[in-house]
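Undergrad: Turn this into a model:
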Amino acid sequence: MSHSGKGTPPSQSQPRQPGREHEMEPQPEFRGREYHAAGKLEGRKALITGGDSGIGRAVSALFAREGADVSIVYLEEDNDAETTRRSVEEAGRKCVLIRGDVGDRKLCDQAVKQTVSELGGLDIVVNNAAEQHLVESLADLTDEQLERTFRTNIFSFFYLTRAALPHLKEGSTIICSTSVTAYQGHETLLDYSTTKGAIVTFVRSLSRSLASKGIRVNGVAPGPIWTPLIPASFPDDKVGEFGAETAMQRPGQPEEVAPCYVFLASDDSSYMTGQVLHPNGGRIVNG
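TA: The predicted structure is shown next:
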């Protein structure tokens, strides 16, 4: 896929989270039109949180093209979720939509139960849902926001994975979305960045716990990617500069990140666990 052109998106904003992909300009690229599928996930069953839009939608689309049936969890963005469903079904695969808050343990339990029931099993878990809110200083971070961010961004990973484990078997995979901010920090995304650092440690620790069972756990740490979180989080002038600081001088597209998830879900990465991939446009990270 060719994305060699430079440039940042036009200034824009959305009034609330989660953002709506269908309201973005330009629309994020998620289909991977130049992506060549090879049946890498044939017959597998995947559960993806935040699968209605952004990176989760692109992962759902490519997983389907590789032969997987997909179940997606989303908060309330019904229009976006239906677009994802159509993309999965166009690839000839089944898509289950589950509406609810992943920060609720009972919803995570129900999502796993429904996925196993309707898809006939579970082989791949993608912990991807997240939210972020800007604060100018730690003094501005409310208790309510702090707890909300942690519930969505890291508690849900524990809830969903714990519920999924009884259904996973040797060869199953767990993939967690972290962020470049876990490695570089971010002065106005204090709670978000901290949860993303926790996810890295979750990946490293859980991978050691599950290695003897033949279940691999890895992560992906995207840089600035054009998803609904961006116009829903940043003021419009910052959106207009989004991605300019990377070596490639532009934000990435979801379809440029999704192949990392395909790789980690497939047998191509059979000797990888506890690792994190970094599709970030040229940012240098340590750790």
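
Undergrad: contacting residues for Pro279?
TA: Residues in contact with Pro279, defined by CB atoms under 8 Å, 6 or more residues apart in numbering, are Val220, Pro222, Gly223, Gly252, Glu256, Val257, Cys260. In this view, the C-beta of every residue, glycine as well, is placed from N, C-alpha and C.

Undergrad: so which helix or strand takes in it?
TA: Taking DSSP states H and E as the criterion, no element holds Pro279; it sits outside all helices and strands.

Undergrad: circling back to that earlier point, kindly reformat the contacts of Pro279 as CSV and extend each row with neighbour count, distance to Lys169 and secondary structure.
TA: Supplementary listing: the contacts of Pro279 in CSV, determined by neighbours: other CB atoms under 10 Å; distance: CB to CB, whole Å; DSSP: H, G, I helix; E, B strand; the rest coil:
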residue, neighbour count, distance to Lys169, secondary structure
Val220, 25, 23, strand
Pro222, 24, 29, coil
Gly223, 23, 34, coil
Gly252, 23, 33, strand
Glu256, 21, 31, helix
Val257, 25, 27, helix
Cys260, 23, 23, helix
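
Undergrad: Give me the lowest-pLDDT entry from the residues you listed.
TA: Per-residue confidence across those is lowest for Gly252, with 86 (pLDDT).

Undergrad: Which residue, other than its chain neighbours, is closest to it?
TA: Closest residue to Gly252 in three dimensions, ignoring its sequence neighbours and counting by CB to CB, 6 or more residues apart in numbering: Ile225, at 4.7 Å.

Undergrad: With Glu118 instead?
TA: Glu118 sits nearest to Val96 (CB to CB, 6+ apart), 4.9 Å away.

Undergrad: rewinding a little: might you report the residue contacts of the residue nearest to Gly252?
TA: With contacts defined as CB under 8 Å, 6+ apart, the neighbours of Ile225 are Gly54, Ile55, Pro251, Gly252, Gln253, Pro254, Glu256, Val257.
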